[in-house]
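Colleague: I would like the atomic coordinates for the input below:
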Amino acid sequence: MATEAQIVKSKRKPKFSTRIVRRCWRCGRQRGYMRDFNLCRICFRELANRNELPGVTKSSW
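Modeller: Numbers count the residues shown, from 1 in each chain. Modelled structure (predicted):
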């Protein structure tokens with residue numbers, strides 16, 4: 001879980017465009033982030049398993 005200071009710092013406009021920090025909207029995690037869903041991999045898996053993400057199905061073969 002990201003601290004409040006880290007979240008505030010990442011919301012500021014960066015000096016350079018490459019310094020943008022994208023965070024999960026649920027937990028604030030910055031690693032394992034998926035831009036399509038604005039979620040980290042852990043939150044994505046939790047929501048997908050509960051069928052709360054439209055259009056996402058668990059693959060099986």
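
Colleague: Next up, phi/psi of residue 42, please.
Modeller: phi -70, psi -50 (degrees, to the nearest 10).

Colleague: I meant to write residue 19 there.
Modeller: Recorded main-chain torsions at residue 19 are phi -90, psi 10, according to degrees, to the nearest 10.

Colleague: and it, how many neighbours does it have?
Modeller: Neighbourhood size, residue 19 [other Cβ atoms under 10 Å]: 10. All C-beta atoms are positioned from the backbone trio N, CA, C, and that covers glycine.

Colleague: Read off the pLDDT value for it.
Modeller: In this model, residue 19 is scored at 93, pLDDT.

Colleague: cool, and the one 5 residues further on?
Modeller: Each residue has a pLDDT score; the one for residue 24 is 94.

Colleague: repeat for the one 4 residues further on
Modeller: Confidence per residue is given as pLDDT, and for residue 28 that number is 91.

Colleague: Can you tell me the element the residue nearest to it when sequence neighbours are not counted falls in?
Modeller: Using Cβ to Cβ, 6 or more residues apart in numbering and skipping residues adjacent in sequence, the residue nearest residue 28 is residue 2, 3.4 Å away. Counting by DSSP states H and E, no helix or strand carries residue 2.

Colleague: thought residue 2 was touching residue 22?
Modeller: No - Residue 2 is beyond contact range of residue 22, at 12.0 Å (criterion: Cβ atoms under 8 Å).

Colleague: Looking at those two, which one has more neighbours?
Modeller: When neighbours are counted by other Cβ under 10 Å, residue 2 and residue 22 differ, and residue 2 comes out ahead with 16 against 12.

Colleague: where's the more buried one relative to residue 11, distance?
Modeller: In this view, residue 2 and residue 11 are 11 Å apart by Cβ to Cβ, to the nearest Å.

Colleague: again with residue 56
Modeller: Between residue 56 and residue 11 the computed distance is 27 Å (Cβ to Cβ).

Colleague: what does residue 29 give?
Modeller: Residue 29 is 15 Å from residue 11, where distance means Cβ to Cβ.
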